[in-house]
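Engineer: below is the sequence, then the predicted model.
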Amino acid sequence: MLRLALLVMAVVVAALLALALLDEGRVEVPEAVITLRDTQVTLYPRADPTAVWYFSSPRVEYVPDRQEATLFTIADGRRTVGGETDFTLDSERVTIDSSDNIRGEAMHAFLVEDEIDLYMEAKGDRLVLIDQARGRFEVPRARMSGPDLGESVFEDMRISFDFTEFEAGGPGTVGYSEFIIRSDDEP
């Protein structure tokens with residue numbers, strides 16, 4: 001009887017070992033979209049460890065196999081550094097990819113310290129990109145306005161989050177700026 005029990009146990013162990021060796025270690029991610037309602041999203045970008053992004057969205061769709069989250073109707077997004085909001089962000093739809101970058105058709109950012117409105121739009125198949133690793137906006141078409149700034153329109157704009165680095169244009173692009181000049185007499 002003991003021999004039979006040992007033989008059965010050896011067969012079971014051999015079968016389990018064979019199954020373990022057959023498994024290639026792949027995890028099957030279901031082809032699905034996970035939908036969340038009335039969601040608060042906090043993003044801690046790996047490429048920008050001092051920043052924290054906060055979003056509130058009535059609907060978020062997460063696609064596990066692409067590791068992407070799409071947030072809809074964002075009216076109160078913001079990026080903070082050291083607990084202080086440096087700019088706010090709103091958009092009808094943005095996607096956060098697996099590298100923590102944010103892309104979309106149209107976005108509006110408001111730079112708090114400089115009181116600058118930055119309206120960003122896609123052009124053709126090129127989307128607006130907020131590149132976390134480079135710390136900049138990459139925008140096919142941008143409109144900027146603010147106090148004492150007037151309005152400026154740029155194409156193919158790349159600008160750092162803190163607005164200290166700016167690049168726009170290239171062959172065949174259009175740009176114009178309007179400046180407000182005040183005299184010493186004006187308040």
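Structural biologist: It's in.
Engineer: for this protein, just list every one of the strands.
Structural biologist: For the chain, strands defined by DSSP state E occupy the ranges 34-43, 51-63, 68-81, 84-96, 102-104, 106-111, 116-121, 128-131, 136-146, 150-160, 166-167, 176-177.
Engineer: can you give me how far stretch 86-101 is from the chain middle?
Structural biologist: From the chain centre to the centre of stretch 86-101 is a distance of 4 Å (C-alpha atoms, centre = their mean, to the nearest Å).
Engineer: and that stretch, C-alpha only, in CSV?
Structural biologist: Output of stretch 86-101 as CSV, limited to C-alpha atoms (Å, rounded to 0.1, in the frame of the first residue of the first chain):
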residue,chain,number,x,y,z
ASP,A,86,2.4,75.3,-11.9
PHE,A,87,-0.3,74.8,-14.5
THR,A,88,-3.8,73.6,-15.0
LEU,A,89,-5.1,71.4,-17.8
ASP,A,90,-8.5,70.8,-19.3
SER,A,91,-9.5,68.8,-22.4
GLU,A,92,-12.4,66.8,-23.8
ARG,A,93,-10.2,63.7,-24.1
VAL,A,94,-6.6,62.8,-23.3
THR,A,95,-4.7,59.5,-23.3
ILE,A,96,-1.9,58.7,-20.8
ASP,A,97,0.4,56.1,-22.3
SER,A,98,2.7,53.6,-20.6
SER,A,99,5.5,56.2,-20.5
ASP,A,100,3.2,58.6,-18.6
ASN,A,101,3.1,60.9,-21.6
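Engineer: mind listing what's buried in that stretch?
Structural biologist: Asp86, Phe87, Thr88, Leu89, Asp90, Ser91, Arg93, Val94, Thr95, Ile96, Asp100, Asn101 (16 or more other C-beta atoms under 10 Å). In short, each C-beta sits where N, CA and C put it, glycine included.
Engineer: distance to Val11 and mean pLDDT added to the strands of the chain, as a markdown table?
Structural biologist: Converted to a markdown table, the strands of the chain look like this (distance: least, C-beta to C-beta, whole Å; pLDDT from 0 to 100):
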| stretch | distance to Val11 | mean pLDDT |
| --- | --- | --- |
| strand 34-43 | 41 | 90 |
| strand 51-63 | 43 | 93 |
| strand 68-81 | 46 | 92 |
| strand 84-96 | 50 | 94 |
| strand 102-104 | 55 | 96 |
| strand 106-111 | 62 | 93 |
| strand 116-121 | 65 | 92 |
| strand 128-131 | 57 | 94 |
| strand 136-146 | 61 | 90 |
| strand 150-160 | 65 | 85 |
| strand 166-167 | 69 | 81 |
| strand 176-177 | 81 | 51 |
